[in-house]
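Peer 1: What would the 3D arrangement of this be:
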Amino acid sequence: MAVDVMGGDWGAPVTLAACLTFLQKHERAHLLLVGLPEAMQAQPAWAILSGHPRCEVVAAQEVVGMDDPIEVALRRKKNSSMRLAIEQVKDGRADVALSAGNTGALMAIARYVLKTLDGIDRPAIATQLPNATGGATTVLDLGANVDCSPEHLLQFAVMGSALVSATSGRESPSVGLLNIGEEAIKGSEVIKKAGELLRSASNLGHLNFFGNVEGNDVFKGTTDIVVCDGFVGNVALKASEGLAKMIGDFIKQEFSRNIFTKIAAIVALPVLNAFKKRVDHRRYNGAALLGLRGLVFKSHGSADALAFEAALSRAYDAAHRGLLDKVRQRIAHAAVLLDAPAATEPTDAALRA
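Peer 2: I've put the predicted structure just below:
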């Protein structure tokens, strides 16, 4: 695994601490730590990681900032930790790359360095959101593509099915199309056309299409996968993170109101803490960039050590279970349906979303 040590709001202090914990839990994992040597050497975890038999350093000379324009990250910072981490995948030195850096830059660099798979026009960002069944719903796209055609949504469904199949073992995960209602006649023309394509794919055995789903179905766990454009998906992701934070803040506040609420809170504490842990978005950190000729994962930029470790584990599991091969197989199986439009470079606005 190639890790962009410098990426994210916090950089090396968080990523190296998470890498150390991760290595202690995964005895077969090997890490390529990509970053500025002087920045890594200043961290407490470095004392152990520098001599670790399953760690190797790849020295970078630059860092992609969280506010760097895509043009700067892609064209000018060719020796950045982000780019070098992705190049380890291209060169075959790593099975997967992980970064908490600038999402638009990561997508642009990954697409430029690795290229897209045949049959895929646009890569998509996919991650899991906790649901009421005790599991998680995989949602894509989460911001890479703001404007999507029906064909793009079909591609997302195929790639999402491969992701869930690889990580859960379910060969035929259910797919829902996010809409304003369950009826096939509802939604925009793009959504209605996408529904037709998904139904056709399902009838031919390429997908397990459930039908239209609404926003609350994401958290009810109605389907294994929910497909949407990047604008809607990103809003849903941020809303879920806000809800998790609100629940955590509420639990804290209940301990400070008065003696009666303190007693009630203490009695209910085990249940409240279990629920807080269940919806903690940090435990679900780690989004896959699907559709590339190599595995790349994105961590939340504000991730702490716990969240970044979760992203490391998610990326490791995906590589260990052969996600890339499964995506290729699914795409090949549905090739007759994936007559993608001519590939175009996404706009800066779309990548920043």
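
Peer 1: Identify the residues contacting stretch 322-337?
Peer 2: With C-beta atoms under 8 Å, 6 or more residues apart in numbering as the test, stretch 322-337 has contacts from 117-120, 154, 158-159, 161-163, 165-167, 197, 200-201, 204, 206-207, 288, 290-291, 294-295, 338. No exception for glycine: its C-beta is placed from N, CA and C like everyone else's.

Peer 1: Pull the CA coordinates from that stretch and hand them back as PDB.
Peer 2: Output of stretch 322-337 as PDB, limited to C-alpha atoms (Å, rounded to 0.1, in the frame of the first residue of the first chain):
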ATOM      1  CA  GLY A 322      -9.200  -8.500  -5.700                       C
ATOM      2  CA  LEU A 323     -11.500  -5.500  -6.200                       C
ATOM      3  CA  LEU A 324      -9.800  -4.300  -9.400                       C
ATOM      4  CA  ASP A 325     -10.200  -7.700 -11.000                       C
ATOM      5  CA  LYS A 326     -13.800  -7.900 -10.000                       C
ATOM      6  CA  VAL A 327     -14.500  -4.500 -11.500                       C
ATOM      7  CA  ARG A 328     -12.900  -5.600 -14.700                       C
ATOM      8  CA  GLN A 329     -14.900  -8.800 -14.800                       C
ATOM      9  CA  ARG A 330     -18.200  -6.900 -14.200                       C
ATOM     10  CA  ILE A 331     -17.400  -4.400 -16.900                       C
ATOM     11  CA  ALA A 332     -16.500  -7.100 -19.400                       C
ATOM     12  CA  HIS A 333     -19.700  -8.900 -18.500                       C
ATOM     13  CA  ALA A 334     -21.800  -5.800 -19.100                       C
ATOM     14  CA  ALA A 335     -19.700  -4.500 -22.000                       C
ATOM     15  CA  VAL A 336     -22.700  -4.700 -24.500                       C
ATOM     16  CA  LEU A 337     -24.500  -2.100 -22.300                       C
END
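
Peer 1: what comes up buried for it?
Peer 2: Residues of stretch 322-337 classed as buried: 323-324, 326-328, 330-331, 333-334, 337 (neighbour count, 16 or more other C-beta atoms under 10 Å).

Peer 1: quick one on the thing from earlier: select only the buried ones of the contacts of stretch 322-337 in PyMOL?
Peer 2: Remark: buried members of the contacts of stretch 322-337, expressed as a PyMOL selection using 16+ other C-beta under 10 Å:
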select buried, resi 117+119+120+154+158+159+161+162+163+165+166+167+197+201+206+207+288+290+291+294+295+338
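
Peer 1: Grab the most central residue of the chain for me.
Peer 2: Of all residues in the chain, the one closest to the mean position by C-alpha atoms, centre = their mean is Ala287, 0.8 Å from it.

Peer 1: Tell me the spacing between it and Asp67.
Peer 2: Applying C-beta to C-beta, to the nearest Å, the value for Ala287 to Asp67 is 20 Å.

Peer 1: show me where the chain has strands.
Peer 2: Applying DSSP state E to the chain gives strands spanning 2-4, 31-35, 55-59, 96-99, 124-130, 136-140, 174-178, 208-213, 225-227, 287-290, 295-298.

Peer 1: any chance of these in a markdown table, plus mean pLDDT and distance to Tyr112?
Peer 2: As requested, these are exported to a markdown table (pLDDT from 0 to 100; distance: least, C-beta to C-beta, whole Å):
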| stretch | mean pLDDT | distance to Tyr112 |
| --- | --- | --- |
| strand 2-4 | 98 | 16 |
| strand 31-35 | 98 | 17 |
| strand 55-59 | 96 | 19 |
| strand 96-99 | 98 | 14 |
| strand 124-130 | 90 | 16 |
| strand 136-140 | 93 | 21 |
| strand 174-178 | 97 | 29 |
| strand 208-213 | 96 | 33 |
| strand 225-227 | 97 | 25 |
| strand 287-290 | 95 | 12 |
| strand 295-298 | 97 | 12 |
